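**Q** coordinates for the following, if possible.
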Amino acid sequence: MDASALTKLLSPEGWALLGQLPPYDESAALRLATGLRERGVDAELVAAAMTQSRLRAKARGKFLEFADGMIFTPEGLEQSTRLAVGAHHAARYAAAGATRVADLGCGIGGDAMAMGALGLSVVAVERDELTAAVATVNLRHFPEATVQHGDALDLDLTGFDAIFADPARRTRGGRRVFDPRAYSPSLDELLALRRQVPALGLKVGPGIPHGMLPPDAHAQWVSVAGDVVEAGLWFGPLAPEGPGRSAMALTHDGGTHRLTDRELTSADAPVRMGRVRPLDTYLYEPDGAVIRAGLVALAGEQVGAGLVAESIAYLTGPRLERTPFLTPYRVLDTLPFGLKPLRSYLRDRQVGTVTIKKRGTAVEPGQLRRQLSLTGPNSATIILTRLAGRQSVIVVEPL
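**A** Below is the predicted model of the structure:
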């Protein structure tokens with residue numbers, strides 16, 4: 001979408017058309033667009049409205065019904081904070097007593113919306129002019145929030161008592177940037193803002209190495225329904241937990257669950273090594289946020305489970321324990337890894353559909369599935385990993 005398309009969308013005719021479109025259906029989109037053009041509707045407006053209809057349908061996964069009143073760009077939607085996660089961000093600022101927040105790199109305005117909903121005064125800054133215009137539309141219902149087009153680091157921070165920063169982590173070509181020093185603004189530039197405003201929160205890539213975390217940060221990884229969606233660094237009054245690392249899991253039922261290692265005194269502390277134990281009755285797969293935060297051993301201790309092998313994020317134990325941080329499986333069988341023995345094992349049990357999970361092995365599940373060439377009415381779940389130093393297959397039953 002360009003500025004011309006956005007202008008047409010925001011005209012009375014464009015806004016009315018967007019509101020009258022039926023729920024997006026890929027199979028009917030071409031026919032609907034053709035019909036609108038044949039009725040004399042401007043072709044550019046039709047294209048812009050259909051694009052927005054498609055983006056709104058996709059955005060419901062992040063913004064629920066609020067997506068139907070928002071405007072999106074493809075890149076802005078991809079990089080935006082989910083509504084549920086943004087609500088937790090905003091709650092941190094409200095609990096810290098923040099009243100005026102600088103949102104640096106606001107994107108399409110998702111986090112500023114969440115803060116505005118709690119009555120916080122927000123100045124949202126966005127470098128890309130079109131994205132800033134989109135954010136202005138999305139924040140129209142929040143008089144406490146204003147948008148400025150400009151460089152995040154040029155904002156005068158006088159009068160602000162808190163900062164939220166979401167630096168760009170993609171190149172102009174769309175490739176992900178993994179080095180925090182190459183963010184825009186860079187991690188070091190954002191961390192320097194603590195000298196002016198100690199209450200700083202910022203998003204970083206979930207894959208950031210622990211050794212690159214500022215020791216005084218509280219680093220929290222967040223998963224939604226099992227998928228890791230972000231990592232956040234929190235400082236000063238925004239981090240009542242103190243320095244360290246934690247995982248937050250938002251579950252399908254709307255629950256919010258936090259796992260924090262109270263023994264950590266800095267965000268960059270080494271990962272605590274867990275106890276390795278022989279494969280037992282149950283196997284647990286840790287949530288991705290737990291793995292990223294280096295809290296696998298802690299999660300295992302809470303359910304009486306140990307690691308299946310050093311540096312492998314699978315746990316095993318004698319009891320079935322329910323926790324939002326671990327997915328449990330019942331262990332049915334185990335055998336040394338080998339293509340022919342595994343194929344024979346599964347064919348003997350008439351397995352035609354196999355779910356393959358793996359850690360600590362270079363085997364590619366898709367290639368292995370093709371090599372197994374299975375047929376049959378039954379299904380199975382197998383886990384490829386190391387046991388007692390050997391490449392092994394664990395046959396499990398999801399619980």
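**Q** the helices in the stretch 251-399 of the chain, which residues?
**A** Chain-ordered helices for the stretch 251-399 of the chain, with DSSP state H, counting those that start in this stretch as the definition, fall at 288-292, 296-302, 339-348, 365-372.
**Q** could I have the longest one exported to PDB, CA atoms only?
**A** Right, helix 339-348. These are the backbone C-alpha positions of helix 339-348, laid out as PDB (Å, rounded to 0.1, in the frame of the first residue of the first chain):
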ATOM      1  CA  LEU A 339      16.300 -46.100   9.200                       C
ATOM      2  CA  LYS A 340      15.700 -49.800   8.600                       C
ATOM      3  CA  PRO A 341      14.800 -50.800  12.200                       C
ATOM      4  CA  LEU A 342      12.500 -47.800  12.600                       C
ATOM      5  CA  ARG A 343      10.800 -48.500   9.300                       C
ATOM      6  CA  SER A 344      10.300 -52.100  10.300                       C
ATOM      7  CA  TYR A 345       9.000 -51.100  13.800                       C
ATOM      8  CA  LEU A 346       6.400 -48.700  12.400                       C
ATOM      9  CA  ARG A 347       5.300 -51.000   9.500                       C
ATOM     10  CA  ASP A 348       4.800 -53.900  11.900                       C
END
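**Q** relative to helix 365-372, how tilted is that helix?
**A** Following axes from the mean of the first three to the mean of the last three Cα atoms, to 10 degrees, one obtains 70 degrees for the angle between helix 339-348 and helix 365-372.
**Q** mind listing what's buried along helix 339-348?
**A** The neighbour-count check on helix 339-348 (16 or more other Cβ atoms under 10 Å) flags 342-343, 345-346 as buried. From N, CA and C alone the C-beta is placed, and that goes for glycine too.
**Q** got it, and stretch 386-399?
**A** Under the neighbour-count criterion of 16+ other Cβ under 10 Å, stretch 386-399 has 386-387, 392-396 buried.
**Q** may I see those residues arranged in TSV, with distance to residue 48 as well?
**A** Supplementary listing: the buried residues of stretch 386-399 in TSV, determined by distance: Cβ to Cβ, whole Å:
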residue	distance to residue 48
386	53
387	56
392	55
393	52
394	52
395	52
396	49
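**Q** which one among those gets closest to residue 69?
**A** residue 396 (44.5 Å; Cβ to Cβ).
**Q** neighbouring contacts of the longest helix seen in the chain?
**A** For the chain, the helix with the greatest residue count under DSSP state H is helix 43-63. Outside helix 43-63, the residues that touch it by Cβ atoms under 8 Å, 6 or more residues apart in numbering are 1, 4-6, 8-9, 13-14, 17-18, 21, 23-24, 26, 29, 32-33, 36-37, 67-68, 70-74, 77, 80-83, 110.
**Q** do that again at 7 Å, thanks
**A** Applying Cβ atoms under 7 Å, 6 or more residues apart in numbering, the contact partners of helix 43-63 are 1, 4-5, 8-9, 14, 17-18, 21, 23-24, 29, 33, 36-37, 67-68, 70-72, 74, 77, 80, 82-83.
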